[in-house]
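Visitor: heads up, no residue letters with this:
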């Protein structure tokens, strides 16, 4: 039985990113939405702002985006050292 994966990205024990085979085929999404994390990365790569992303995907909260970016930054710094 597959229970899915949820990652905690903040020390406040809030879950910001979820991954489950029942939601978007297991694609990592912002918890409580069907918005893939990759969509945020595509927006940023295309020169759009976080505000542009949030305007286009109002179900995603700013704190989810910030938590994801902080976690990504921490992992990049850790892997570089």
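Guide: Thanks, I have the structure now. This one's a predicted model, so the numbers in the text were calculated from it and none came from an experiment. Numbers count the residues shown, from 1 in each chain.

Visitor: Show me what the host helix or strand of residue 79 is packed up against.
Guide: Element membership for residue 79 (DSSP states H and E) is helix 62-80. Contact partners of helix 62-80 among helices and strands, from 3 or more C-beta pairs under 8 Å, 6 or more residues apart in numbering; DSSP states H and E: strand 15-19, strand 29-30, helix 37-45, helix 50-56. Quick note: C-beta positions are derived from backbone N, CA and C, even for glycine.

Visitor: Now with 10 Å, please.
Guide: For helix 62-80, the contact count by 3 or more C-beta pairs under 10 Å, 6 or more residues apart in numbering; DSSP states H and E identifies strand 5-8, strand 15-19, strand 29-30, helix 37-45, helix 50-56 as packing neighbours.

Visitor: contacting residues around the closest residue to residue 56 other than its chain neighbours?
Guide: Computed as C-beta to C-beta, 6 or more residues apart in numbering, the closest residue to residue 56 that is not its neighbour in sequence is residue 43, at 7.6 Å. If you count contacts by C-beta atoms under 10 Å, 6 or more residues apart in numbering, residue 43 has them with 49, 50, 52, 53, 54, 56, 57, 65.

Visitor: rewinding a little: gap between the helix holding residue 79 and the chain center?
Guide: Put simply, helix 62-80 sits 10 Å off its chain's centre (C-alpha atoms, centre = their mean, to the nearest Å).

Visitor: start the count at 25, not 1, going forward
Guide: Got it, first residue is 25 now, which makes that one helix 86-104.

Visitor: Now stretch 52-69: buried residues?
Guide: By neighbour count on 16 or more other C-beta atoms under 10 Å, the buried set for stretch 52-69 is 52, 53, 54, 55, 57, 59, 60, 61, 63, 64, 67.

Visitor: Could you report the distance from the first one to residue 66?
Guide: Between residue 52 and residue 66 the computed distance is 13 Å (C-beta to C-beta, to the nearest Å).
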